[in-house]
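**Q** here is a sequence together with a model predicted from it:
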Amino acid sequence: MVAPPEGVVGEGFFATKLNDVVGLARANSLWPLPFATSCCGIEFMATMASHYDLARFGSERVSFSPRQADMLMVMGTISKKMAPILRQVYEQMSEPRWVIAVGACASSGGVFDTYSVLQGIDKVIPVDVYVPGCPPRPEQIVDGVMQLQELVKNESVRRRSSPEYKELLASYNL
Amino acid sequence: MALETAHIQEKLSQAFGNNVLNFEMKRDIFTLEATPSTIHEVIRFLKEQEDLNFHFLTDLAGIHFPDNDETHQFAVTYQLHNWIENVRIRVKTYLPDPAEVDTITDLFLCANWMEREAWDFFGINFKGHPQLKRILNMDEMVSHPMRKEFPMEDSGRTDKDDRFFGRTPVNNG
Amino acid sequence: MMSDLLLSPEHRYAKIIEKTRNEDGSELSILNLGPTHPATHGIFQNILLMDGERILDAEPTVGYIHRAFEKIAENRPFYQINVLTDRMNYCSSPINNMAWWMTVEKLLNIEVPKRAQYLRVIVMELARITDHLICNSILGVDTGAYTGFLYVFQFREKVYEIYEEICGARLTTNMGRIGGFEREWSDEAFKKLNTFLEEFPVAWKEFENLFERNRIFIDRTVNVGPITAEKAMQYGLTGPNLRAAGIDYDVRKAAPYSSYEDFEFDVPVGKSGDTYDRFCVRNAEVWESLSIIKQVLAKLPEGPIHADVPDYYLPPKEDVYTNMESLIYHFKIVMGEVPVPVDEIYHAVEGGNGELGFYLITDGSRTPYRLKFRRPCYIYYQAYTDMIKGGMLSDAIVILSSLNVIAGELDA
C-alpha cells in the first residue's frame, strides 16, 4: 500500500501540504499512452499482461487517446518520418504530462545510427525518464515507471506554470 | 519429368537468341542475364510457357555497382519460383545510369511495392509502373540512400566525436 | 534538417486526400486510420475512403519505422548482422537468427553437426509457436476476447524463459553462431522445455475451444477478408496466409533445411483464405510445431554443438587468454577480418509469417556487398487494400491482425 505523506495527525484531522497530496494522487494513477512502434512494444505487452502486471502501479487503464493520458511511453525506433506524428501526439496531451523513452532506440537511436532514424526522441520532445536496454526487460520498464512515480510525487503543483518549464517547451518550439 | 536447366536454357535461347546470356548455375539457383529491352518478355515467357511455369515472383532486388563500366552501373535481379516442380530461377539485367527498365507489375501484382522499393533505394525507373513513388523513405527526400556513395550514418548527429571512433581524417576507414 | 523533420503531417497527406476526393462527390468521407492507431498493432497508415461504414478504397502508407537494415548490413561484418535480423520479425527472432546463420554457412560451405541442427529446429519451432500465439491471441483481442490473450500470454513468458536458459536474452535473442550454437544447452533448458511441452497443450486446447466454435468469433471472422489462391499467388503471399487460401507451399517441405526432412509433420491448409481459416491454420501449425519438438527431443543425438571452423567460431575464453593461436582467431573474428568467398546465394526459411529469404552478394571483403532481405509481410501487405475493399471498417482491423503483419519487418 501507499504510505501517507508527512503531516500532522490529530483527532479527526490530518494536515499536510497540497503538493504532497496531489503528487501522491497523480503518481498512483498514471495512465499510460503506449506509443509502441517496434520490439520494445512487444515487451510492453508482456509488461501489461498477467505475468508482470503494470496495473499494480496504478496504470490499469491504458489510454489510447492522448487527451486522457498522463504518461507517454515511447517504445521502439522513431524514424524521421514518424517524428512529426510523435510531436503531434505529445501536443495533444494535456498538462501535466510526462514522457518515458523506453529502450535504446527511443533514447538515443540505439544500433540504428542511420539516415532514416531519429537519434533519440529528445530531439523533438522533452523526456523525463530514459529506460536503457534493447529491448529492456519488463522489470526495467516497471522500474522506469516507478522512477517516474518518484518524479511525479515530488513535483510542485506550480511547476507547469513556471518560467523554466515554459522555457523548456519553447526550446522545443512547442 | 523434372524441369531441367538445360531445357530452360534451350527454350530461352531459341526464343530470345543473343538477348539472354551468361547462363550459369550459381549454387542451387540457375542464373541468367537478359538485356534490359527484353527482360519483360523473358519474364513473361518464363511465367506463361506451360512447361516452364515460373508463376511466383519471390524477390526483386536492385543492386548498385559503381565500379562497373557505364552500361553495368545497376542491376535488377528477379527471382522466380515454380512451386510445382520446386525450381527456382534468377534473372538479372544490368542497366546504365540513369537506370530505366520496363515494369513487370502487369505480370505480378506483388512486383508493385518491390519496384517502388528499388526506385526508393536506387532510383531505378520502372517504365509503366502505376504509382512509382517513394515507399519507405520520406517523400521529401531527394537522394537514393542505397547507392554506394550515400553515407549510412545520420549527417545531423552532433554528439559523436570522430576522434573516439577511429575516424579522424588521418585514420579514415 | 530540423525543419524537414517537423513538417506538419497534413502536408504529407494532402496529396492523398486530394486524390481520394476527386473520385466522388459529397457523400463519401475520408478516414485516416493510423499510423498510431491502437488497434493496428504496429505503425501502418491507411487513408480510407468510406461510404458510411463501408470501405470503398484505401491508400496505405508504410515506412514509418524504416531503419535502413540493408544499408547497415552493407557496413557491418557478418556476425554483427545477426543483431539486425533479431529486430525484423521480433515476434520470432530465433527463426531470423538461424536463417541468417544458415545463409552464412551456405556461403562458407560449413556442415553443421546433427545435434546443433536438431537444437535449431527446436528453437525455430518454439519461435513459430510464440509467433502464432501472439497473432491469434491478438486477433482474439480485436474481436473482443481479452481473456484468451491474457491466458496464453503466460506461456509466451515460459518460452522466453527457455530462450533465457539458452542464450540469456528474451526477445531479441541474437542466438547461435556461425557453425552452431555458442554453448551447450543447460539441463535447466531441457527441463523447462519439457515442462512447457506438458503444460502448454492443455492451455492451447482451451484457447482453441474458446474461439473455434464461438458464435461471436465466427460471425466476426468467417468470410471476412477472403483471398483466392490465384490472387494470393499474384500478391506474393507465403506462410500461413497462403496456406489458408489452400496452397500447401511450405519452405520446410519444399527445400528442407536444418534436417527438417528427418521429422514428420503435416502442412495444414485452409479453403477460403478468410480470417477464420488463417486463424485455424495457425492453430493447427502450433500443434504441428509441438509434435516436431517432441520428435526432435526423442531423436536428439549426442555430439558437438558447433562445427569445427576456427576461422569463424569464437574460441573458448580460457584459450584466448592462454593460447596465442586462439587469441589471433578471437581478434580476427571480433574485428570481422575473416575470409569469405565471392559468391551470390539465396537462402530461404519458413518464417513465422512466410518465406523469409536472404539474398546475399559478397565481394570477398569483410561485409556483404549487398544483402536483400526478402521480408514476407512487406510483400503480402500489398494484398491488404484488396482484402478490405467492400468490407466494414471493423473488419479491416480484424483482417490486419489476422495477416500477422509486423511493422519492424515490413519497413526494414
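**A** That came through, no problem. Numbers count the residues shown, from 1 in each chain, chains lettered A, B, ... in the order given.

**Q** show me the shaky parts of the chain.
**A** Since you didn't name a chain, this refers to chain A. Low-confidence segments of chain A, defined by pLDDT under 70: A:1.

**Q** switch to chain C, please.
**A** C:1-27, C:39-40.

**Q** show me which residues of it sit near chain A.
**A** By CB under 8 Å from any CB of the partner chain, the part of chain C that sits against chain A consists of C:4-9, C:35-36, C:38, C:42-43, C:63-68, C:71-72, C:83-84, C:86-87, C:90-91, C:134, C:149-150, C:153-154, C:156-157, C:160, C:170-172, C:407-408, C:411. (Glycine included, C-beta is placed from N, CA and C.)

**Q** where is the longest helix in the chain?
**A** Picking chain A for this. helix A:138-153 (DSSP state H).

**Q** wait, chain C
**A** For chain C, the helix that runs over the most residues, judged by DSSP H, is helix C:114-142.

**Q** which SSE is B:M25 in?
**A** Using DSSP states H and E, B:M25 maps to strand B:20-26.

**Q** that strand: which residues count as buried?
**A** Buried residues in strand B:20-26, counting neighbours by 16 or more other CB atoms under 10 Å in any protein chain shown, are found at B:V20.

**Q** quick check: neighbours of it in the sheet, parallel or antiparallel?
**A** In the sheet, strand B:20-26 lines up against strand B:29-34 (antiparallel) (DSSP bridges).

**Q** distance of A:R61 relative to A:L33?
**A** Using CB to CB, to the nearest Å, A:R61 is found at 11 Å from A:L33.

**Q** the more surrounded of those two?
**A** Neighbours were counted for A:R61 and for A:L33 using other CB atoms under 10 Å in any protein chain shown; A:L33 has more, 26 against 13.

**Q** next up, the contacts around the more buried one.
**A** Counting by CB atoms under 8 Å, 6 or more residues apart in numbering or on different chains, A:L33 makes contact with A:62-66, A:69, A:71-73, A:89, A:93.

**Q** residue contacts, C:Y160?
**A** C:Y160 neighbours (CB under 8 Å, 6+ apart): A:46, C:130, C:170-171.

**Q** how about a cut-off of 6 Å?
**A** The neighbours of C:Y160, taking CB atoms under 6 Å, 6 or more residues apart in numbering or on different chains as the test, are C:R170.

**Q** that one sits in which helix or strand?
**A** Remark: C:Y160 resides in helix C:146-167, with elements defined by DSSP H and E.

**Q** and for C:L360?
**A** Element membership of C:L360, judged by DSSP H and E, is strand C:355-363.

**Q** export that strand as CSV, just CAs?
**A** Extracted in CSV, the C-alpha atoms of strand C:355-363 (Å, rounded to 0.1, in the frame of the first residue of the first chain):
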residue,chain,number,x,y,z
GLU,C,355,9.1,-17.3,-46.7
LEU,C,356,11.9,-15.3,-45.1
GLY,C,357,14.8,-15.1,-47.6
PHE,C,358,18.3,-13.7,-47.5
TYR,C,359,19.8,-12.8,-50.9
LEU,C,360,23.5,-12.2,-50.3
ILE,C,361,26.1,-11.0,-52.7
THR,C,362,29.7,-10.9,-51.4
ASP,C,363,32.8,-9.4,-53.0
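
**Q** quick one, phi psi at the most centrally placed residue in chain B?
**A** With distances taken as CA atoms, centre = their mean, B:V76 lies nearest the centre of chain B, 2.1 Å away. Dihedral pair for B:V76: phi -120, psi 130, per degrees, to the nearest 10.

**Q** who touches stretch A:82-102?
**A** Contacts of stretch A:82-102 (CB under 6 Å, 6+ apart): A:40, A:66, A:69, A:71-75, A:78, A:107, A:118, A:121, A:124-125, A:127-131, A:141, A:144, A:148, A:160, C:5-7, C:9, C:64.
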